[in-house]
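Asker: Quick one: sequence and predicted model below, then my questions.
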Amino acid sequence: MQTLDARHIELFLNEGYKNGSWEYKDIGSQEIKKHTDGATGGIFDIRHLKDPCTSEIFDLKSWIGKADDWQPKARITLHAVAVNTNLQQNEGLHVKYHAMRAGADGEVVSIRISQQLL
């Protein structure tokens with residue numbers, strides 16, 4: 001299983017996070033029911049999608065390992081984060097998306113993407 005977490009920098013200072021009242025909520029999932037070469041996930045600040053430091057994440061050849069390199073690789077910039085793990089033969093992936101809000105209707109303070117082989 002591969003998990004990518006992105007959290008607001010001050011999340012750990014909030015009482016709702018510390019006492020466990022803020023929890024991750026499932027916001028979606030997807031199944032890829034055929035072989036996939038890699039498990040890749042990314043989280044981007046859409047306002048900075050065209051910034052040079054963010055666009056380097058889309059140049060996969062510059063940071064993803066060769067096909068036989070099984071070590072996870074990651075790229076972190078000021079406004080984006082991405083992770084990739086090359087996979088051996090498989091039958092697909094199950095991807096889950098979660099978000100944690102500051103209270104019932106508060107802003108999103110953390111995002112989690114998990115990917116598990118089928």
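Answerer: Nice, I can see it.

Asker: Show me where this structure has its strands.
Answerer: 2-7, 24-32, 38-44, 73-76, 80-86, 93-101, 108-117 (DSSP state E).

Asker: Dump the C-alpha coordinates for the second one into CSV.
Answerer: Coordinates of the C-alpha atoms in strand 24-32 are reproduced here as CSV (Å, rounded to 0.1, in the frame of the first residue of the first chain):
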residue,chain,number,x,y,z
TYR,A,24,-10.7,11.7,7.7
LYS,A,25,-13.8,11.3,5.6
ASP,A,26,-14.0,9.1,2.5
ILE,A,27,-14.6,11.4,-0.5
GLY,A,28,-14.2,8.9,-3.3
SER,A,29,-12.5,5.8,-4.6
GLN,A,30,-11.5,4.3,-7.9
GLU,A,31,-10.5,0.8,-9.1
ILE,A,32,-8.2,0.2,-12.0
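
Asker: orientation of that strand relative to strand 2-7 in degrees?
Answerer: 140 degrees (axes from the mean of the first three to the mean of the last three C-alpha atoms, to 10 degrees).

Asker: hmm, who's touching strand 24-32?
Answerer: Strand 24-32 is contacted from outside by 92-101, 110, 112, 118, using C-beta atoms under 8 Å, 6 or more residues apart in numbering. No exception for glycine: its C-beta is placed from N, CA and C like everyone else's.

Asker: Okay then, goodbye and thanks.
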